[in-house]
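> Build me a model:
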Amino acid sequence: MERTLILLKPDCVQRRLMGRIIARFEDKALNIIAMKMMRVSPGLAKKHYAEHVQKEWYPALEGFITGVRMRASADQQALRRLGIQPGTGPADEPHLRQALSYVLHHSAAARYPCALFWIDIDDFERARDQLGTRGADQAVALLADRIDGAQAPGTTVAWLGSGRFALLLTDFRRGGAQRAVPEDKEIMPACSNIAGSLARAVASPLSLDGGPWSPTASIGVAISNARYESADMMMAAARKAALEARQRLGPGHCEFADE
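Numbering: from 1, shown residues only. Below you'll find the predicted structure:
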């Protein structure tokens, strides 16, 4: 008789999916011989994931499996299954890079796709000069809320500075896919739909202390595949695609990276 260990991780518990998942194993005539509910400590996480401790994405994994609310060093960010989901605002670039590294590793291992949207707010620096520091800060906060509101479950939104946001996507249903992990033929249409939603969300006029502003965004999309061996490579591809969208198609458009 073979035995195996099954972990129902924090996102499963929070989403109240334990019963449904356990039922699937029982439906396959597998016997559950022991069960224990516990909170994983950082020490136990390091022991369980010993082969990954030195990886750049390990802190995101540990934060997720231990429950980020226990860890002051996590800057009160709630870590979800596939990355860092901001609880009080967008993540920053180091958090995005950490989350993307983690997602890419598991995307390759489990063969599910992810996509990175690089969102360049067109002419942001010129708008900053016109609106002043206070108006520009207001604009960033409002745009972050709009981008956050356009996202779906399984996403991470990050503010990268200088008029740039990024969105890391692991659930494609918001774009019209039938499942969170879509068929290959659904990925690009779903990403196009999501990019369109993001562009429309950004483009609504803003009323700011420095005056009104009607922003637009050029969006680059990189879809995970074997050529992206690191977070930096995928981020660079998405950023290049956003630049090409602006140069080839004009402000407010979307381009895919090497697709």
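> Distance of residue 189 relative to residue 115?
12 Å (CB to CB, to the nearest Å). Yep, even glycine has a C-beta here, placed from its N, CA and C like the rest.
> Which one of those two is surrounded by more residues?
Comparing residue 189 with residue 115 by other CB atoms under 10 Å, the one with more neighbours is residue 115, at 25 against 14.
> For this protein, just list every one of the helices.
10-14, 18-27, 42-48, 58-66, 93-110, 124-149, 184-203, 231-244 (DSSP state H).
> Give me the angle between the fourth one and helix 93-110.
What that stands for is helix 58-66. Angle, helix 58-66 to helix 93-110, by axes from the mean of the first three to the mean of the last three CA atoms, to 10 degrees: 80 degrees.
> and helix 58-66, what other elements does it pack with?
Packing partners of helix 58-66 (3 or more CB pairs under 8 Å, 6 or more residues apart in numbering; DSSP states H and E): helix 10-14, helix 42-48, strand 78-80, strand 83-85, helix 93-110.
> Would you convert the ones you listed into JSON lines that also reports distance to residue 26?
JSON lines is the format used below for the helices and strands packed on helix 58-66 (distance: least, CB to CB, whole Å):
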{"stretch": "helix 10-14", "distance to residue 26": "16"}
{"stretch": "helix 42-48", "distance to residue 26": "25"}
{"stretch": "strand 78-80", "distance to residue 26": "27"}
{"stretch": "strand 83-85", "distance to residue 26": "31"}
{"stretch": "helix 93-110", "distance to residue 26": "23"}
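> deepest of those, which one?
Mean neighbour counts were compared across these using mean count of other CB atoms under 10 Å; the top stretch is strand 83-85, at a mean of 26.
> Averaged pLDDT, it. What do you get?
The pLDDT scores in strand 83-85 average 37.
> and what of stretch 5-23?
On average, stretch 5-23 scores 79.
> before we move on, what about stretch 173-193?
pLDDT averaged over stretch 173-193 gives 86.
> Can you give me the buried ones in it?
Neighbour counts over stretch 173-193 (16 or more other CB atoms under 10 Å) mark 173-175, 177, 181-182, 186-188, 190-192 as buried.
> Show the contacting residues for residue 131.
138-139, 208-211, 213 (CB atoms under 8 Å, 6 or more residues apart in numbering).
> hmm, back to that, for the buried residues of stretch 173-193, which one is nearest residue 258?
Within the buried residues of stretch 173-193, the smallest distance to residue 258 is 12.4 Å, found for residue 188 (CB to CB).
> What about residue 205, how many residues nearby?
9.
> and the residue nearest to it when sequence neighbours are not counted, what is it in contact with?
Once flanking residues are discounted, residue 205 sits nearest to residue 214: 4.6 Å by CB to CB, 6 or more residues apart in numbering. Residues in contact with residue 214 (CB under 8 Å, 6+ apart) are 203-206.
> Return the item of the contacts of residue 131 having minimum pLDDT.
residue 210 (75).
> Low-confidence stretches in the stretch 1-150 of the chain?
Applying pLDDT under 70 to the stretch 1-150 of the chain flags the ranges 11, 14-15, 56, 60, 67-90, 109-110, 150.
> Give me the phi and psi for residue 49.
phi -110, psi 40 (degrees, to the nearest 10).
> if I look at it, how far off is residue 156?
Separation of residue 49 from residue 156 (CB to CB): 21 Å.
> If you count surrounding residues, which of those two has more?
residue 156 (28 against 14).
> How about residue 245: what's its closest non-neighbour residue?
Spatial nearest neighbour of residue 245, excluding adjacent residues (CB to CB, 6+ apart): residue 255 at 3.7 Å.
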